[in-house]
Structures are given as structure tokens and as C-alpha cells.
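*Asks:* Below are the sequence and a predicted model; questions follow.
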Amino acid sequence: MPTSNPRHLLRAMFDAAIAAAQPALCVPPQLPAPPKGRLIVVGAGKASAAMARAVEDHWKGPLAGLVVTRYGHAVPCRHIEVLEAGHPVPDAAGEAAARRLLAQVQGLSADDLVLCLMSGGGSSLLPLPLPGLSLADKQAINTALLASGASISEMNCVRRHLSGIKGGRLAAACAPARVLNLLLSDVPGDDPADIASGPTVADPSTCADALAILQRYAISIPAAAQALLRQGAGESVKPGDPSLPRLETRWVATPQMALEAAAQVARKAGFAAHILGDALEGESREVARTLAGLALQVRRREQPFRAPCVLLSGGETTVTVRGQGRGGRNVEFLLALALALRGEAGIHALAGDTDGVDGQEEIAGALISPDTLARARTLGLQARQHLDDNNAHAFFEALGDGVITGPTLTNVNDFRAILITADAN
């Protein structure tokens, strides 16, 4: 019979998921043979600096380049310059970094190779407005998207069509050099166009698609941005476009890899592990209600699985912000899950972002136990009120149940684990 402390086991699974996606482990096997010409490294994302360091540590020839990462996520490199910028709200440092990335790939030859290191967060870190737009416009659009409840794929579609570097534009600037993308996935479905909004991959979506998304979520954007989309002036680089160089894309880490690593930890502890999916999407509290129903069926009816077991899932839920709280899609999921479970014995859970940042907080996520709501009442905390105010971070902070990792230097999306024991613990 399993004997592990549920909370300790959940944290061990989360840590294993993060460790499985570390660039030092995942990048070296994907490195190419040296080119005839130069190797230029460019990249953006929360893991880009760690990816750059992994390249340097395993590349035997000369190289140069530049990557941009989130403040606090820099890793020292010897030959690749590392810049930091704002996330999730873009800033002037990110705009300047995007311009410098484009400059890095100017004047290359067909013998040169551009190694592009992209990971989650790159969309906000490369806010290069199209002509006619300002950084303030981009910031306003990004803020509205984050609060709208739109999926990450929908948000990135809008971003690609208002950017001077995303949607294949950086790839086109690399021609005639060859481009090899090493991607660390933080998006449901592992679509290359959604990693940092696809600076170095072709994009089949259109300005009309972006407009439809804005209309669907009643998102208001500046008039100049509306005009660009309606006129088609923000059209991205399409598959088969002759301006694109030779492109190859390789995945270095994905949410599925992280979930499989967590499943191994659970099985070693005596728990059956069931991966429900690596691309679950939807409103955080709605996903919570669905998974709570499944967990209760397992606990009470031994269907469709028997306890003891753990239900694992990845993907990226969304939060439609209506309150004044501190947000965070993983903690919102957990608080809604706790309310739906109503203190059911034998069910514990952890949810967290594998990059260590849930929403805008330097907190990865949190844990819940059967006594979560009872302990909250003892402290005078109203769980439903905190959920309605999108303020789950404050709720779990007061309980001391937050999960803090610091910058993990990787990013393979959200991690959710619901552990169901066979007894009342």
C-alpha cells in the first residue's frame, strides 16, 4: 500500500515534471552539426537564457547571438548576450530587444545557420509594434487579452498580426541562412506558431481570424490596430512564402514529457497514474468542476479508476477577470476545486505553472487537502468570496499552502495533479 505523505508526493511529482524539462537535459541531444558558415543564436522566452547556456556548454565551435528572457530568469553566458524584459506586460526593454534580434540576423549567407531558441513568454518579451502602432498600444492590447478569457492560441493569433517580428517575420529576416528552431512547448497541442507567437515559423492564420477573436471576446483595441487588421496590413508570413529560408523545427521539451516524469514518481510510490491529457483548456473554475466530478467518482464509485491513484493533466486554462484580486489560473483552479470537493476525504491536489510564475505572482501555485476549507473558516477566510474576486493567491497565502519554486528556467505549461487515496487521509 502507498505510504507517502500526500502533500510531499504531490510536490515530488511537480518537481519531477520541472526537472524533466530542464534545458541542460533537453537541449544538447537536439543540437545540429556545425554549419559551413557561422552559427548565430537568437531566442526569447522564460527558458531562453537557460537554453542558450546549454548550447554554449555543448557546442565545440564558434558562436554568437542574443536572447531575451523575463526579469530574474537570466543565466550567465560567455558568448551569447542575455537581455531581460517585462512579462506578462511588455515594456520598452522588450521592444529594444526585439529590434536587436532582427539586427542579429541581417546580412547572413546561405552557409550560415540561425539557431532559434524559443519558449513560453516570448510573446510578451518581443513587443515590436507594426508601423502605426506604439508600445503603449501593444501594452493595452496585451492587458485586454490577458483579462478576456481568450485561450493562449487565440491571444497569440491577435499578437502575430500586430507584430513586426512574430508570425514568421524573424524567419524571413534570416534568409538566405538556414533556420533551426529548438522549441520548448508551453501551449496546448504543441503548435510551433504559438510558441512566442511563432517568430520563426510560417503562420496560416489571418487578420480576419484575429478580428473574429477580438469580436468574440468583446475586446476593444486602439483604432490604429483595428485599421491594420481590417486592411490586412498586419498579415503574417504564410506557409510556402518565398521569403522564408530553409526551416526545421525540433521539440526539446513538451508538457507530455513532464507529465510522464511525474507519473513515474507516483507509480514508484504505489499510486496508479492516469494522464488525462496534456492540452486541457477552458475557464479555470469550469475545468475544476469537471475534474472534481471525476475525482469524486473515483473516490466513491471506483470508476473509471480505482484508488489509490493520481489524475495528471497539463494544458493552459484561462481566467476571465471580473474581480480585483491577484489572479493566477492555477490557484483559481485549485480554489474552485476545493469548493467543488467540499472537503471530501482522501483527495489532495496540486496545481502550478512549471515556470514558477502563476499569473503575475512569483508563486508557482498551491496545494489543497480535505481540510483546506475548514482551516480557511477557522481563519475567517471566505473561499467563495476570494474566488469571485479572482483572489486565490491571497487565500492560499493566508493558509501557508502556496507552492514557491523561484524561477525554474523552463516552461512546459501548467501542471495539475489530483491524488486520491484509498483511506481517509
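*Replies:* All right, it came through fine. Numbers count the residues shown, from 1 in each chain.
*Asks:* just checking, next helix/strand downstream of the helix or strand harbouring residue 173?
*Replies:* For residue 173, the host element (DSSP states H and E) is helix 169-174. The first helix or strand that comes after helix 169-174 along the chain, using DSSP H and E, is strand 178-184.
*Asks:* Residue 283 is in contact with residue 151, correct?
*Replies:* No. Between residue 151 and residue 283 no contact is recorded; they are 10.2 Å apart, counting by Cβ atoms under 8 Å. Every residue, glycine included, has its C-beta placed from N, CA and C.
*Asks:* Give me the common contacts of those two.
*Replies:* Common contacts of residue 151 and residue 283 (Cβ atoms under 8 Å, 6 or more residues apart in numbering): residue 318.
*Asks:* the more surrounded of the two?
*Replies:* More neighbours surround residue 151 than the other of residue 151 and residue 283, with 20 against 17 (other Cβ atoms under 10 Å).
*Asks:* List the contacts of the more buried one.
*Replies:* By Cβ under 8 Å, 6+ apart, the contact list for residue 151 reads 188, 281, 316, 318.
*Asks:* Got the confidence number for it?
*Replies:* Looking at residue 151, its pLDDT reads 91.
*Asks:* What of residue 389?
*Replies:* 97.
*Asks:* give me every residue that touches it.
*Replies:* 323, 324, 325.
*Asks:* how far away is it from residue 319?
*Replies:* 12 Å (Cβ to Cβ, to the nearest Å).
*Asks:* next one: residue 19
*Replies:* Residue 19 is 27 Å from residue 319, by Cβ to Cβ.
*Asks:* which one of these two has more residues nearby?
*Replies:* Using other Cβ under 10 Å as the criterion, residue 19 and residue 319 rank with residue 319 on top: 24 against 14.
*Asks:* residue boundaries of the strands in the stretch 251-400 of the chain?
*Replies:* 272-280, 309-315, 347-353, 365-368 (DSSP state E, counting those that start in this stretch).
*Asks:* Ignoring the adjacent residues along the chain, who's closest to residue 221?
*Replies:* residue 141 (5.1 Å; Cβ to Cβ, 6 or more residues apart in numbering).
*Asks:* And the helix or strand hosting that neighbour, what's buried?
*Replies:* Here residue 141 sits within helix 135-148, counting by DSSP H and E. The neighbour-count check on helix 135-148 (16 or more other Cβ atoms under 10 Å) flags 135, 137, 138, 139, 140, 141, 142, 144, 145, 146, 147, 148 as buried.
*Asks:* repeat for stretch 281-297
*Replies:* Neighbour-count burial for stretch 281-297, counted by 16+ other Cβ under 10 Å, picks out 281, 283, 284, 285, 287, 288, 291, 292, 294, 295, 296.
*Asks:* With stretch 228-241 instead?
*Replies:* 228, 229, 234, 235, 236, 237.
*Asks:* what separates the fourth one from residue 169, distance-wise?
*Replies:* This means residue 235. 11 Å.
*Asks:* What of the last one?
*Replies:* With the distance defined as Cβ to Cβ, residue 237 ends up 6 Å from residue 169.
*Asks:* How far does the helix or strand bottoming out on mean pLDDT in the chain sit from its chain's centre?
*Replies:* Ranked by mean pLDDT, DSSP states H and E, the weakest helix or strand in the chain is helix 135-148, scoring a mean of 92. From the chain centre to the centre of helix 135-148 is a distance of 18 Å (Cα atoms, centre = their mean, to the nearest Å).
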